[in-house]
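> I need the structure of the sequence given here:
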Amino acid sequence: MLTIIDKDWGDVVERTTEIGKADRATVLIILVIGMFGGGLLAGLGLIMGIFRLLDPGRYPIELLADIPVEAGPGILEARATSIIVNAETLPAGALWAFAISDVVGGIAIGLVTACFAYVLWRVAQRHPFHRTTQAAALVAGCAIAFGSLISQGVGGLGRMMAADELNPSLGGVAEVGFLFQPLPIVVGFGVLALAYVFQAGERLQRDTEGLI
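You can find the predicted model right below:
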């Protein structure tokens, strides 16, 4: 409980800074579930990246395509825009690109999970505004934005190389290209903005503590 004295009027105002037991338990449950889910996804990404090099035919790849699809009455035109391929061998460059993409994605998920878990732990400990939470938001935002950018870029390069190599065996339906998703990068920069929210909260908290 904080006791704040209004400098202008001399009033004494009491404000609670503690979260309730139920809210704290909820935060801890979310923390545990998030750490388990994020750790699982990060581990799967790392494992997939490593084992893709050992057995590339085990993991399918998705390539862009332009395939006419037979349709019934009322359908003017139908086309498939992607194709899932399991190939026994892939070009070395494409194989390494897919592996790097998986590993970078796994590392990014792991970093984001650790950062958000730390922030939630600080919230559960009733100290959400601290310079370390600001650093955690910066790391998480960079991991989401730049991790997604690298993962998509390198993986897209691998898809282009794989499509060019496998196209003769696929009857020429594969297209040399890849789709880019900007949403994770936008989300990453949004998380970066939270760092300044934590910074403002820390400054306000220091100012408030000075009035006790």
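> Can you get me a residue count around the residue lying closest to residue 124 once chain neighbours are set aside?
Of all residues beyond its chain neighbours, the one nearest residue 124 is residue 27 (4.7 Å), with distances taken as Cβ to Cβ, 6 or more residues apart in numbering. Any C-beta I mention is one placed from the backbone N, CA and C, and that applies to glycine too. Using other Cβ atoms under 10 Å, residue 27 has 18 neighbouring residues.
> Residue 27 contacts residue 122, correct?
No - applying Cβ atoms under 8 Å, one finds residue 27 not in contact with residue 122, separated by 9.9 Å.
> Report the buried residues of the helix or strand that residue 37 is a member of.
Counting by DSSP states H and E, the element that carries residue 37 is helix 21-54. Buried residues in helix 21-54, defined by neighbour count with 16 or more other Cβ atoms under 10 Å: 27, 31, 35, 38, 41, 42, 45, 46, 48, 49, 52.
> After it, which helix or strand is next?
Next along from helix 21-54, by DSSP H and E: strand 61-68.
> Can you tell me which residue is spatially central in the chain?
residue 144 (4.6 Å; Cα atoms, centre = their mean).
> which one is it nearest to, not counting chain neighbours?
Per Cβ to Cβ, 6+ apart, closest to residue 144 is residue 188, 3.4 Å.
> quick one: pLDDT of the one you found?
In this model, residue 188 is scored at 90, pLDDT.
> For it, give its distance to residue 123.
Distance, residue 188 to residue 123, using Cβ to Cβ, to the nearest Å: 21 Å.
> Same question for residue 137.
Distance from residue 137 to residue 123, by Cβ to Cβ: 13 Å.
> More neighbours: which of the two?
Between residue 137 and residue 123, residue 137 has the larger neighbour count (other Cβ under 10 Å), namely 23 against 19.
> Help me confirm that that one comes into contact with residue 194.
Yes - counting by Cβ under 8 Å, residue 137 sits close enough to residue 194 to count as a contact (4.5 Å).
> hang on, the earlier thing: can you check what angle separates the helix holding residue 37 from strand 61-68?
80 degrees (axes from the mean of the first three to the mean of the last three Cα atoms, to 10 degrees).
> for helix 21-54, what is the average pLDDT?
81.
> Report the inter-axis angle for the biggest helix by length in the chain versus strand 61-68.
Longest helix in the chain, counting residues (DSSP state H): helix 131-166. Here helix 131-166 points in a direction 50 degrees away from that of strand 61-68 (the same axes, to 10 degrees).
> Just give me the neighbour total for residue 185.
Neighbour count of residue 185, defined by other Cβ under 10 Å: 17.
> One more: residue 119?
Using other Cβ under 10 Å, residue 119 has 22 neighbouring residues.
> what's the distance between it and residue 35?
12 Å.
> next one: residue 95
From residue 95 across to residue 35, the span is 32 Å (Cβ to Cβ).
> All set now, cheers.
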